[in-house]
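> Sequence plus predicted model, see below.
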Amino acid sequence: MDNINKQRRTLLKGAISASTLALVAASGLLLPQRLLAHWPSDAFTAETVEDALLALLGEAEVVDDDALWFKVGSPPSYAVNGATVPIQLQSKLENIERIAIIVEKNPNPLAMSFDLSPACQLPLKSMIKIAEDSNVMAVIRAEGRLYKTTRFVEVDIGGCA
Amino acid sequence: MGLTVKDRLRAKLKADHTVVRILLAHPMHTGRGKDEVDTLIPVEFIQDIRCWRNEDEVLSIKCGTATARNPYFSFQLVGGEQGDKITVRWVDNIGAKGLSETIVK
C-alpha cells in the first residue's frame, strides 16, 4: 500500500512539473503573438456605432465639441472613390489618450483607433474606406471625457469591397 | 509576379516638431471583395501598427478592415532632433509582419 502511494506521489510530481514546463514553453512560444492579442476584436467586429464605442473607449460623458477640426474627403465632405477617402484631424485638446475613427454605415463601423503617447501630437492624416453616403465620426478620449465630431460624406463609388 | 512594393517611411524635422509619414504596401482585403472569377478574396488586413522613436513607443494604431489599401498615416512628434531613429512595425491578421526604420532628417 505504502509503495503504491509513493509511486502515485512521484507520478503526480512528475505530472505537475511537466505541466509547468509546458506552460512556460507555451507562454514563451506565445510571445511573438503578443501584438495580435492586443487587437480589440470585439470593438472592430461590432456592427453598431454604440457597441464599437463602448468596447473601445468605455463609458464616459460624450461632448459634441468644436475643439476638433475634422476633414473627410477631398474636397471636404465629398469622395469620388470610397476606397480611399483622405481624413485629417486636428485639435487643441491636450492629454489625448485615444482617437477612434468611425464610419456609421460601414458593415463594421470602427475604421481605426490610435493610441497616442505624450510625445505624439496632431494633426493626423490617413485614408479610409467608406461603403456609401454616411456620417463619419472622430471621437477623442482625453482626460476621461469623449469629444465627438461628425461629418457627412457623399460617396460616388462605394469602397468596402 | 507583379511589382514588389516596399513600405515607405519618412521623418522630417521641422521647427519644433518632427513629421512622420508612413506608407505601407498592403492589399487590405476586407473579406467582401471578389476577384475576376467572382470568388471571394479572403480577409487580409493590417491590424496593428506601432511606431517607436529611438527606444520609446510613441504611437500605436489599430486598424479595422475600413483602412484604405496601402495604408497611409501622417502624424507629428513633439520635439526631436536630426539622427533620431524612427521604427515602424506592423502585423496583419494572418501573421505577416513588416519592419521599417528611418533616420530623422
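Thanks, I have the structure now. Numbering: from 1, shown residues only, chains lettered A, B, ... in the order given.
> and for stretch B:86-95, what are the contacting residues?
By C-beta atoms under 8 Å, 6 or more residues apart in numbering or on different chains, the surrounding residues in contact with stretch B:86-95 are A:33, A:35-36, B:7, B:9, B:11, B:18, B:20, B:22, B:24, B:26, B:43-53, B:97-104. Where you see a C-beta, it was placed from the backbone N, CA and C, and this is true even at glycine.
> which regions of chain B sit below the pLDDT cut-off?
Judged by pLDDT under 70, chain B has its weakly predicted residues at B:1-4.
> how about the residues of it near chain A?
Contacts of chain B with chain A, taken as C-beta under 8 Å from any C-beta of the partner chain, map to B:17, B:30, B:32-34, B:47-48, B:50, B:53, B:56-69, B:71-79, B:89, B:91, B:93, B:95.
> for the host helix or strand of residue B:11, which positions count as buried?
For residue B:11, the host element (DSSP states H and E) is strand B:8-13. Residues of strand B:8-13 classed as buried by neighbour count (16 or more other C-beta atoms under 10 Å in any protein chain shown): B:9, B:11, B:13.
> can you list contacts of it?
B:18-23, B:80-82, B:84, B:86, B:88, B:100-105.
> Report the buried members of the residues you listed.
Buried among these by 16+ other C-beta under 10 Å: B:18, B:19, B:20, B:22, B:23, B:80, B:84, B:86, B:88, B:100, B:102, B:104.
> residue contacts, the fifth one?
Applying C-beta under 8 Å, 6+ apart to residue B:23 gives the contacts B:7, B:8, B:9, B:70, B:71, B:72.
> cutoff 6 Å now
B:8, B:72 (C-beta atoms under 6 Å, 6 or more residues apart in numbering or on different chains).
> ok, now the second one?
By C-beta under 6 Å, 6+ apart, the contact list for residue B:19 reads B:12, B:76.
> Could you check how far it is from residue A:125?
Computed as C-beta to C-beta, to the nearest Å, the residue B:19 to residue A:125 distance reads 10 Å.
> Quick check: residues of chain A near chain B?
Within chain A, the positions adjacent to chain B are A:35, A:39, A:44, A:84, A:103, A:106, A:108, A:110-115, A:117, A:119-121, A:124-129, A:161 by C-beta under 6 Å from any C-beta of the partner chain.
> Just the ones in strands from the contacts of strand B:8-13, please.
B:18, B:19, B:20, B:21, B:22, B:23, B:86, B:88, B:100, B:101, B:102, B:103 (DSSP state E).
> I'd like to know how many residues surround the closest residue to residue A:145 other than its chain neighbours.
Spatial nearest neighbour of residue A:145, chain neighbours left out: residue A:61 (5.4 Å); criterion: C-beta to C-beta, 6 or more residues apart in numbering or on different chains. Here the number of neighbours of residue A:61 (other C-beta atoms under 10 Å in any protein chain shown) works out to 8.
> Kindly report the same for residue B:29.
Neighbours of residue B:29 (other C-beta under 10 Å): 19.
> Quick check, it in contact with residue B:35.
No. Counting by C-beta atoms under 6 Å, residue B:29 stays clear of residue B:35, with 9.8 Å between them.
> Now do the helices in the chain.
As the question left the chain open, I've gone with chain A. In chain A, helices defined by DSSP state H lie at A:2-30, A:34-37, A:41-45, A:49-57, listed in chain order.
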